[in-house]
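Enquirer: how does the following fold in three dimensions:
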Amino acid sequence: MKRDRLFTGLFLLGIGILFLLDNFNVINFHWGNIIRLWPLFLILSGVNMVFSHQNSGSATAVKVAVFIAVFALVVYRGAMPADSHFWNNHFNNNAFFNDDSSDDDDDHEGKGVTKLEGNSTYQEPYSPQVKVATLNIRGGGATYILQDTTAELFSAATHELSGKFVFNTLATDSGKTINFNTRSSRHSINWDSDKGNKATIKLNTNPEWNIDVASGASKMNLDLSKFKIRNLHVKGGATSMDVKLGEPVNNMLVDISTGVSEVNISVPKDAACHINSKTGLSSKNFDGFESKSDSQYETAGFAAAPKKIYLNLKGGISDFSVKRY
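Expert: Model (predicted):
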């Protein structure tokens, strides 16, 4: 057997063992922590290629040393608590909009506001006629915080550094739609974890809400326990996410799809909840849930409950945790 294949096989074997131990809760491994170590895998492959045709003892010693160092660093970083510094780094993400360097916002009906760098506030007045409201959030490279209530229908306080926020509303037959987008500057990367785009959002508690979030590299803290949530859809890339749900008004549908992420979800202890997980190589911890199959989990008495929460979780290499409070 060629030694370069041996080292590659041993590395994959080690990663597989880590996944297995993590999935069975023998260890608590944070896969999101190692995403910044991706250059090490290039180094490991490069060393194998450089010394692939050398069978000397010194070449073998170099490959062994590099292999041990890379694997040890992966294990060390993964065993550390979730790395919040990574999630606060802001990458340019244009997956959900076309940034053509134009400030023309006439492609939406209703009123619109675009702000550049600085601190800004956005508001939409509340009307009792609005029974159902939809909030669409688009754009990565930002921190989103949604915790508090407001007498307005919607309000947001933002800090813009490497891009701009675009805000507009649209009245519909069933209520009102609010579009709140982040547009990062083209080719901008901000490596300073203390700086970046940030939005603190507040919602009115009277309407029922549909919330749809599509973001790239971002951080989210969504405490929705005070609000009437119909649907929550989140699609993210490298995302750190904390979501707290309240009691369902009727049936509540929650869809979360991520790439390399850490997702923590809290549901009320008295709420009936069903989890459908398609988590690939991700780790999962569903405390207080009964396993119905390899991918289906439920709280006790779920079938007989009149109001239910449905969680659909999908991820690549992510940490999913659902707990009851």
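
Enquirer: if I pick the closest residue to residue 252 other than its chain neighbours, what's in contact with it?
Expert: Distances taken as C-beta to C-beta, 6 or more residues apart in numbering place residue 309 nearest to residue 252, at 4.7 Å, with adjacent residues excluded. (Each C-beta comes from the backbone N, C-alpha and C, glycine too.) By C-beta atoms under 8 Å, 6 or more residues apart in numbering, residue 309 lies in contact with 245, 248, 251-252, 254, 267, 271-274.

Enquirer: CSV for the residues you listed, including distance to residue 71 and pLDDT?
Expert: As requested, the contacts of residue 309 are arranged in CSV below (distance: C-beta to C-beta, whole Å; pLDDT from 0 to 100):
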residue, distance to residue 71, pLDDT
245, 38, 98
248, 45, 96
251, 46, 96
252, 42, 98
254, 36, 98
267, 37, 98
271, 42, 96
272, 43, 97
273, 38, 98
274, 38, 98
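
Enquirer: just name the closest of those to residue 298, please.
Expert: For residue 298, the nearest member of the contacts of residue 309 is residue 274. The distance, counting by C-beta to C-beta, is 5.0 Å.

Enquirer: among the contacts of residue 309, name the buried ones.
Expert: Neighbour-count burial within the contacts of residue 309 applies to 245, 248, 252, 254, 267, 271-274; the criterion is 16 or more other C-beta atoms under 10 Å.

Enquirer: so which of those belong to strands?
Expert: Among these, the subset assigned to strands under DSSP state E consists of 245, 252, 254, 267, 272-274.

Enquirer: what ranges do the strands span in the stretch 101-250 of the chain?
Expert: 112-115, 118-124, 132-138, 142-149, 154-160, 163-171, 175-184, 197-203, 208-215, 218-224, 228-236, 239-245 (DSSP state E, counting those that start in this stretch).

Enquirer: nearest to residue 57, of those strands?
Expert: strand 239-245 (45.0 Å).

Enquirer: tell me what the residue nearest to residue 252 is bridged to.
Expert: In this structure, residue 309 has beta-bridge partners residue 252, residue 273, where bridges are defined by DSSP bridges.

Enquirer: still on that earlier bit, mind putting the strands of the stretch 101-250 of the chain into a markdown table with distance to residue 21?
Expert: Output for the strands of the stretch 101-250 of the chain, formatted as a markdown table (distance: least, C-beta to C-beta, whole Å):
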| stretch | distance to residue 21 |
| --- | --- |
| strand 112-115 | 48 |
| strand 118-124 | 46 |
| strand 132-138 | 36 |
| strand 142-149 | 32 |
| strand 154-160 | 41 |
| strand 163-171 | 40 |
| strand 175-184 | 38 |
| strand 197-203 | 36 |
| strand 208-215 | 31 |
| strand 218-224 | 28 |
| strand 228-236 | 26 |
| strand 239-245 | 23 |
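
Enquirer: so for residue 293, which of the ones you listed sits nearest?
Expert: Distance to residue 293, taken as C-beta to C-beta, is lowest for strand 239-245 among the strands of the stretch 101-250 of the chain, at 23.0 Å.

Enquirer: tilt between that closest one and strand 142-149?
Expert: With axes from the mean of the first three to the mean of the last three C-alpha atoms, to 10 degrees defining the directions, strand 239-245 sits at 10 degrees from strand 142-149.

Enquirer: tell me what strand 239-245 is packed against?
Expert: When contacts are defined as 3 or more C-beta pairs under 8 Å, 6 or more residues apart in numbering; DSSP states H and E, strand 239-245 packs onto helix 84-87, strand 218-224, strand 228-236, strand 252-258, strand 262-267.

Enquirer: try 7 Å
Expert: Taking 3 or more C-beta pairs under 7 Å, 6 or more residues apart in numbering; DSSP states H and E as contact, the helices and strands that strand 239-245 lies on are strand 218-224, strand 262-267.

Enquirer: quick one: residue 140 and residue 210, what's the gap?
Expert: 21 Å (C-beta to C-beta, to the nearest Å).
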